[in-house]
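1. Fold the following and give me the result.
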Amino acid sequence: HVELETTRFLQTDTGPAFIGAQALWAASAVQTGNRGAGVVVGIIDSGINSSHPSFAATASDGYQHSNPRGQRFGLCNTTAAARCSNKLIGLYDFTDEGAKDASDLDGHGTHVASTAIGNPFAGRITGPTITLAVPISGVAPRANVIAYKACKKSTTGPSTCPLSGLLAAIEQAAIDGVQVVNYSI
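-> Model (predicted):
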């Protein structure tokens, strides 16, 4: 089957409300369960900011991630290896943007990944007269992640996601055998 190239667009930044994540976060303070430990999640989006605390090998609560696959994927085996850890076990870049290292120049992919699997950490909301500490956590904070960059920042409008890159990312996620794929596009 052959089709003309089409483009998709990044859409929402209010995903946690859509899935009721706040209730899961509240329950996680009481019931720890496994919180996604041993699960590998693929994020198909605009890349990932690997230095964000949501993707650190050791979470702020002291949890030390282990790599359930015992191997790294994609760019984590080559030029971007220093950006990877036992939490962030794979990087792919299906765009022609930047250094081809799956860096998130838009912010959407980092947001989506941290919502899905981000480590808990203490965030802050600063207003004109007050700063509030806010605990932040992904829905499955002990899961591991492979980032598939298929979208790129646009200088003239919303970020774009060419269908060819999206399909390549979906295929690679299937090859890598991730258990969950997030596609917030």
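
2. OK, contacts around Ala80?
-> Residues in contact with Ala80 (C-beta atoms under 8 Å, 6 or more residues apart in numbering) are 50, 91, 101-102. No exception for glycine: its C-beta is placed from N, CA and C like everyone else's.

3. Where does the prediction get shaky in this protein?
-> Scanning the chain with the threshold set as pLDDT under 70 gives 10-22, 24-33.

4. Show me where it has its strands.
-> In the chain, the strands defined using DSSP state E lie at 7-9, 40-45, 73-74, 88-93, 121-126, 131-136, 144-149, 160-162, 180-182.

5. Quick one: closest of those to Asn67.
-> strand 88-93 (5.2 Å; C-beta to C-beta).

6. what does the closest one contact?
-> With C-beta under 8 Å, 6+ apart as the test, strand 88-93 has contacts from 40, 47-48, 50, 55, 67, 69, 71-76, 80, 83-84, 100-102, 144-149, 169, 172, 176.

7. Strand partners (parallel or antiparallel) of it?
-> Sheet pairing for strand 88-93, assigned by DSSP bridges, gives strand 73-74 (parallel), strand 144-149 (parallel).

8. Specify the angle between that strand and strand 40-45 in degrees.
-> Angle of strand 88-93 versus strand 40-45, following axes from the mean of the first three to the mean of the last three C-alpha atoms, to 10 degrees, is 30 degrees.

9. send the alpha carbons of strand 88-93 over as CSV?
-> Taking C-alpha atoms only, strand 88-93 is exported to CSV below (Å, rounded to 0.1, in the frame of the first residue of the first chain):
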residue,chain,number,x,y,z
LEU,A,88,16.2,5.8,29.8
ILE,A,89,17.3,2.7,27.9
GLY,A,90,16.8,3.7,24.3
LEU,A,91,16.8,6.7,22.0
TYR,A,92,15.9,6.9,18.3
ASP,A,93,15.6,9.9,16.0
